[in-house]
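Predicted model follows, preceded by the sequence.
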Amino acid sequence: MRSVVNFGLDQVLLIAGGGFAGSVLRVLVSGMLPGVSGTFVVNVVGSFVLGFFMYSLGYGGFFSRNARFFVAIGFCGSFTTFSTFALQSAGLGFTGFFVNVLLNVFCCLLAVFAGRALSILLLRRDTGWS
Amino acid sequence: MELILLWVLMGLGGGCGAVLRYAVSGFASRWDDFPSGTLVVNVIGSTLLSAAVCVQTATSAIYFFNSGLLGAFTTFSTFSYETFRLIEAGRWLLAISNVLLNLGFCITGVFVGRWFVARIVFGL
């Protein structure tokens, strides 16, 4: 088991700030949509943003190290949710359960892929990187 | 309570949840290449949320704890990102295990949380 905890006050405040914004936006967005579709939409959007951000960070180093604490760990982590997803899925019945689970997992993986594609596209356009 | 205050409470809960997630998931971040940290927070968060929604409580507590703290404590984006990285690296067995373990343990957690409140707390 490997542990990675980097607990400076800066990091804590950045994560908390991102978490504040992410949670409020999650409830705003998911509250506007009916049933389980709200959770689905925030999960897909959050996965796309995280995919774009992490790959941009990895490939180009566009963002500062501290941006990772605010955007990735704070905002994207809090904007998306597994607890509500699990609770809602468990209440859907047999078919609904499998449809909801497959849609969330598949579309969120696809969203990470799309975020990665966008980060590559922008890097190529801006820097001629290939 | 004023609606705006409830939203601020929810945001504060989300801030606490995010920091707690970082602390807890960072503590057991990787087991070889398996992203165990995210699995741990998702299972704990799903179990606690399922127990929390069974308890009748003040609206302010629901905003802070259920929507804010527990919603932010668990994460789907990191789960899908880590799964994607495993697929990208050709570690299909780990990727599929990650999806199945998260789903299996979190759904089990939902039933355990519900059972715990009904049986242990209310003695039904």
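Nice, I can see it. Numbers count the residues shown, from 1 in each chain, chains lettered A, B, ... in the order given.

contacts and neighbour counts: CA atoms only from here.
Noted.

Identify the residues contacting the nearest residue to B:Leu103 once chain neighbours are set aside.
Distances taken as C-alpha to C-alpha, 6 or more residues apart in numbering or on different chains place A:Ala86 nearest to B:Leu103, at 7.5 Å, with adjacent residues excluded. Taking C-alpha atoms under 8 Å, 6 or more residues apart in numbering or on different chains, we find A:Ala86 in contact with B:46, B:103, B:106-107, B:110.

could you say which helix or strand contains A:Ala86?
helix A:83-90 (DSSP states H and E).

send the alpha carbons of that helix over as PDB?
This file holds the C-alpha atoms of helix A:83-90, laid out as PDB (Å, rounded to 0.1, in the frame of the first residue of the first chain):
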ATOM      1  CA  SER A  83     -22.600   7.900  -3.300                       C
ATOM      2  CA  THR A  84     -25.700   9.400  -4.900                       C
ATOM      3  CA  PHE A  85     -25.100   7.200  -8.000                       C
ATOM      4  CA  ALA A  86     -24.900   4.000  -5.900                       C
ATOM      5  CA  LEU A  87     -28.000   5.000  -3.800                       C
ATOM      6  CA  GLN A  88     -30.100   5.900  -6.900                       C
ATOM      7  CA  SER A  89     -29.000   2.800  -8.800                       C
ATOM      8  CA  ALA A  90     -29.900   0.500  -5.900                       C
END
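
thinking again about what came up before, state the distance from the residue nearest to B:Leu103 to B:Leu5.
Using C-alpha to C-alpha, to the nearest Å, one gets 28 Å for the distance from A:Ala86 to B:Leu5.

Next SSE downstream of the worst-scoring helix or strand of chain B on mean pLDDT?
Scoring the helices and strands of chain B by mean pLDDT, DSSP states H and E places helix B:59-61 at the bottom, with a mean of 88. Sequence-wise, the next helix or strand downstream of helix B:59-61 (DSSP H and E) is helix B:71-73.

Does chain A have contacts with that following helix?
Yes - contact of helix B:71-73 with chain A (C-alpha under 8 Å from any C-alpha of the partner chain) involves B:71-73.

By neighbour count, which of those wins?
B:Ala72 (40 neighbours; other C-alpha atoms under 10 Å in any protein chain shown).

what about the closest residue to that residue other than its chain neighbours, how many neighbours?
If the residues on either side of it in the chain are set aside, B:Ala72 comes closest to A:Ser78, at 3.9 Å by C-alpha to C-alpha, 6+ apart. When neighbours are counted by other C-alpha under 10 Å, A:Ser78 registers 42.

to the chain's geometric centre, what's the distance from the helix or strand where A:Ser78 lies?
Per DSSP H and E: A:Ser78 is located in helix A:77-79. Computed by C-alpha atoms, centre = their mean, to the nearest Å, the chain-centroid distance of helix A:77-79 equals 6 Å.

how about the helices of the chain, start to end?
I went with chain A, as the question did not name one. Secondary structure of chain A (DSSP state H): helices at A:9-31, A:37-60, A:65-67, A:77-79, A:83-90, A:94-127.

Not quite, go with chain B.
For chain B, the helices defined by DSSP H cover B:3-27, B:36-53, B:59-61, B:71-73, B:77-88, B:92-115.

quick one: the fifth one to helix A:37-60, angle?
Using axes from the mean of the first three to the mean of the last three C-alpha atoms, to 10 degrees, the direction of helix B:77-88 lies 50 degrees away from that of helix A:37-60.

mean confidence score for helix B:77-88?
Mean pLDDT, computed over helix B:77-88, is 97.

quick one: is it near chain A?
Yes - part of helix B:77-88 sits near chain A under the criterion C-alpha under 8 Å from any C-alpha, namely B:77-78, B:80-81, B:83-84.

The longest one now?
Yes - on the criterion C-alpha under 8 Å from any C-alpha, helix B:3-27 is in touch with chain A at B:7, B:10-19, B:22-23, B:26-27.

cool, stretch B:35-46 as well?
Yes - legend: contact between stretch B:35-46 and chain A by C-alpha under 8 Å from any C-alpha is shown at B:42-43, B:45-46.
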